[in-house]
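Novice: Using only what follows, build the 3D model:
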Amino acid sequence: MALPLAFFAVFFGYPVAAIVGRGLRAGGHWQLGQAADVLADPDVLRVLWFTTWQALASTALTLLIALPAAYVFARFRFPGKEVLRAVVVVPFVLPTVVVGSAFLALLGRGGTLDELWGVRLDTTVWAILLAHVFFNYAVVVRTVGGLWAQLDPRQEEAARVLGAGRLAAWRRVTLPALAPSVAAAALMVFLFTFTSFGAVQILGGPRYATLEVEIYRQTAQLLDLPAAAVLTLVQFAAVAAILALHAWTVRRRETALKLVDARTTAHRPRGAAQWALLWGVLAVIAVLVLLPLGVLVERSLAAPGGYGFAFYEALSSAAAGGGTFVVAPLEAVWNSLRYAAAATAIALVIGGSAAAALTRRAEGTGRRGRLVRGFDALLMLPLGTSAVTVGFGFLITLDEPPLDLRSSWLLVPLAQALVGVPFVVRTLLPVLRAVDERLREAAAVLGASPLRAWREVDLPLVRRALLVAAGFAFAVSLGEFGATVFIARPDNPTLPVAVARLLGRAGELNYGQAMALSTILMLVCAGSLLALERLRTDRSGEF
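Specialist: Residues are numbered from 1 along each chain as shown. Model (predicted):
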C-alpha cells in the first residue's frame, strides 16, 4: 500500500488541499465565512440545483433506456452479439469533448437535425441529457447485464411453476437479486453525470452549467479561488457520499447469490415479444450510439468543395488553425499517444500495487478491514473529484524543487494516471482475489520469495486481465480533459485539448478540423476497445 498511498498523497491530496487552502486562507487566517457567502449566492444555488437535477434525470433516463439492453445482452444469443457489446462501450471511453462534438454535429446549428427539419437542441437541457445517456449507456448494460447473465433462470421458472405470473416472478425473484447491481450502476451514472464537464461545456452554452463547469469558470475565467475552493469542497463531499453508497451496494452484490456460467443462460429469442424486444434494443443502439458517431465522421468529411479529406489535410498546418496553435494540430495525435502510453505505465504500477494490497485485505469489520476499505475508496476518488481543481493544483504546487515539474512533459501523464488507476484496480482485483492462496503458500514452502511467487504464480494467471487493465487505462488517459486543459503546454496539446480549442473559435475550417480530430480520437479509442474485447474472453474485472 505504501507506493499507491505516496503517489496519491503527492499527486492528488497535496494539489487538491493546496488549491482549497489557498482559496479559503487570506493573511494567514482561514476565511470560513466565505463559504457561507458563496453558498448563499443565488447563481451558485442555481448551479447546485441544476447539477443535482440533471444528474438525477440523466440517471433515470439511462436506466429506462439501458435496462432492456442489459436483459437482451444477458439472455439472448444472436449474430454479432460480441461485436455489438464492444460497440456500446465505445461511448464510455470516448473523451467528453468528443461526445460533445458528436452531439453538436447532430443537434447543433447547421447539424443534421437542423438541416433536415430545422430542429436545434444545443444549448438546451435535452442535448445534455441525451449526451449523458449516450456516455453512460454501457455502464448499465455491462454492470447489470453481467450479473443478470449469471443468475440461474431456473429460479424464476420455479416461481412460475408454482403459479406466479411472468411479471410477479420477475418482481419477486429476479429483481431482488438484481437490485444491488442496479443500484451500483445508478450510483456510477449519477457520479459521472454529477461531475460532468466537457459535454456540458460544449452543449450547455452560457445558460447551463454543472458544478464542475462552474469551478472551471471561477478558476480560469474569474480567478475567484475562494468560490472555486468552496464549490470543490461541496463536490468532494457529494462524491464521497456517492462512493460510500456505491461501496455498500457492491458489498451487497458480492454476497451469496447463486451464480452460473453466463454461457449457459443465453438462448435465441423465442416468440414475437422477444424478437420485438431484440429489434427494439438494436434500433435504440443504432439511433443513440451509432448515429452520433456516424454524423461525427460525416461532418469531418463534409468539406466546402464536397466530401473529401480537406479538413484532415488542414490538420498538418499550424496556420490553418487561424493562430489557435503554435504547432500543427496533427501533432496532438502523437502527443496524446505518447502521454497515454506513459500514463498507462504509471497506472499499471500504482494500480497493480494497490490491487495486490487489496487482495490480502482483512475480512470482517476490524480496524484493519476498515483501513483497507478506506484505501479502496481513496483509489476511486479521482473519478469524482474536480479534474479542474487537480489540474490547477498541479500548477501551483509542482512548481519548486524537488517537484518542479512545470516544464516537464511528465506533468500530463501524471494527471492522466490518476484517472487510469481506478480502472486498473477494478479490473485486476476480482482476478487476483480468484487466485488460490494455497498456490502462493506452496511456492513459499518451496523457497520462492514473495516477488518470485508473484512472478511465477500470480502473473501467468492475471496476464490477460493485466492487458485489459492496460487497455482501459490507455483509453481513458487519451480522453482526459479536465486537468489536461490546464497543464498541457501550447506547443504540446493533447487531442481533447486541441478539439476544445478548435470548437472555441469561429469558422468552418476550425469546426471541420475539430470534427476531424474528434474522429481520429474516436477511432483510436474504438480500436483499443475492440482489441480488448478479443482479449477479454473471460469477462474478467468489473468494467
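Novice: Specify the local secondary structure of residue 269.
Specialist: coil (DSSP: H, G, I helix; E, B strand; the rest coil).
Novice: Any idea how many residues pack against it?
Specialist: 17 (other CB atoms under 10 Å). No exception for glycine: its C-beta is placed from N, CA and C like everyone else's.
Novice: Need the per-residue pLDDT for residue 118.
Specialist: With respect to pLDDT, residue 118 scores 76.
Novice: Pull out the buried residues from stretch 389-399.
Specialist: Neighbour counts over stretch 389-399 (16 or more other CB atoms under 10 Å) mark 389-395, 397-398 as buried.
Novice: typo on my end, it should be stretch 507-525
Specialist: So for stretch 507-525, counting by 16+ other CB under 10 Å, buried means 509-522, 524-525.
Novice: which among the buried residues of stretch 389-399 gets closest to residue 348?
Specialist: For these, the minimum distance to residue 348 (CB to CB) is 20.2 Å, reached by residue 390.
Novice: Can you identify each of the strands in the stretch 1-150 of the chain by residue range?
Specialist: 25-26, 29-30 (DSSP state E, counting those that start in this stretch).
Novice: To clarify, my last question referred to the stretch 301-450 of the chain.
Specialist: 302-303, 306-307.
Novice: Parallel or antiparallel, which strands does the first one pair with?
Specialist: I take that to be strand 302-303. strand 306-307 (antiparallel) (DSSP bridges).
Novice: what mean pLDDT would you report for the partner strand?
Specialist: Rounded mean pLDDT across strand 306-307 is 84.
Novice: ok, now stretch 4-24?
Specialist: 84.
Novice: ok, back up a step: highest average neighbour count across the strands of the stretch 301-450 of the chain?
Specialist: Sort those by mean neighbour count, taking mean count of other CB atoms under 10 Å, and strand 302-303 sits at the top with a mean of 18.
Novice: So which residues make contact with that strand?
Specialist: The contact list for strand 302-303 (CB atoms under 8 Å, 6 or more residues apart in numbering) reads 309-311, 512.
Novice: could those residues go into CSV alongside distance to residue 412?
Specialist: As requested, the contacts of strand 302-303 are exported to CSV (distance: CB to CB, whole Å):
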residue, distance to residue 412
309, 29
310, 30
311, 26
512, 26
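Novice: What ranges in this structure fall below the confidence cut-off?
Specialist: For the chain, the stretches with pLDDT under 70 are 26-34, 246-247, 249-263, 318-326, 360-370, 373, 384, 532-543.
Novice: Turn the strands of the stretch 301-450 of the chain into JSON lines, including distance to residue 142.
Specialist: Formatted as JSON lines, the strands of the stretch 301-450 of the chain follow (distance: least, CB to CB, whole Å):
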{"stretch": "strand 302-303", "distance to residue 142": "34"}
{"stretch": "strand 306-307", "distance to residue 142": "35"}
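Novice: Quick one: closest of these to residue 454.
Specialist: strand 302-303 (53.2 Å).
Novice: Any chance of the buried residues of stretch 389-399 in CSV with distance to residue 474 as columns?
Specialist: Formatted as CSV, the buried residues of stretch 389-399 follow (distance: CB to CB, whole Å):
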residue, distance to residue 474
389, 24
390, 20
391, 20
392, 25
393, 24
394, 21
395, 25
397, 27
398, 24
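Novice: Which of those fall in helices?
Specialist: If you go by DSSP state H, these have 389-395, 397 in helices.
Novice: List buried residues within the contacts of strand 302-303.
Specialist: Counted by 16+ other CB under 10 Å, the contacts of strand 302-303 give 310-311, 512 as buried.
Novice: SS state for the residue nearest to residue 50 when sequence neighbours are not counted?
Specialist: Excluding the flanking residues, the one nearest residue 50 by CB to CB, 6 or more residues apart in numbering is residue 208, at 6.4 Å. What three-state DSSP gives for residue 208 is coil.
Novice: neighbours of residue 208, just the number please.
Specialist: So residue 208, with other CB under 10 Å, has 20 neighbours.
Novice: tell me the contacts of it?
Specialist: 50, 54, 123, 125, 128, 200.
Novice: What residues does the fourth one make contact with?
Specialist: Residue 125 sits next to 54, 208 when contact means CB under 8 Å, 6+ apart.
Novice: And it, how far from residue 57?
Specialist: 8 Å (CB to CB, to the nearest Å).
Novice: Same check on residue 184?
Specialist: On the measure of CB to CB, residue 184 and residue 57 end up 19 Å apart.
Novice: Then residue 374?
Specialist: Relative to residue 57, and taking CB to CB, residue 374 is found at 32 Å.
Novice: Compare these two (neighbour count), which wins?
Specialist: More crowded of residue 374 and residue 57, by other CB under 10 Å: residue 57, with 16 against 10.
Novice: Tell me how many other residues crowd residue 176.
Specialist: For residue 176, using other CB under 10 Å, the count is 10.
Novice: any idea how far it lies from residue 155?
Specialist: With CB to CB as the criterion, residue 176 and residue 155 are 11 Å apart.
Novice: what does residue 66 give?
Specialist: 23 Å.
Novice: The two: which has the busier surroundings?
Specialist: Higher neighbour count among residue 66 and residue 155: residue 66, with 27 against 13, using other CB under 10 Å.
Novice: ok now do the more buried one, which residues does it touch?
Specialist: Residue 66 sits in contact with 133, 136-137, 139-141, 144, where contact means CB under 8 Å, 6+ apart.
Novice: what's the answer for residue 212, then?
Specialist: 195-197, 200, 235, 386-388, 482.
Novice: Could you let me know which of those ends up closest to residue 421?
Specialist: residue 387 (13.8 Å).
Novice: In space, what's closest to that closest one - neighbours in sequence excluded?
Specialist: Using CB to CB, 6+ apart, the nearest residue to residue 387 is residue 482, at 2.7 Å.
Novice: Point me to the helix or strand that includes the closest residue to residue 377 other than its chain neighbours.
Specialist: Distances taken as CB to CB, 6+ apart put residue 243 closest to residue 377, at 5.4 Å, once the chain neighbours are dropped. Residue 243 belongs to helix 225-254 when assigned by DSSP states H and E.
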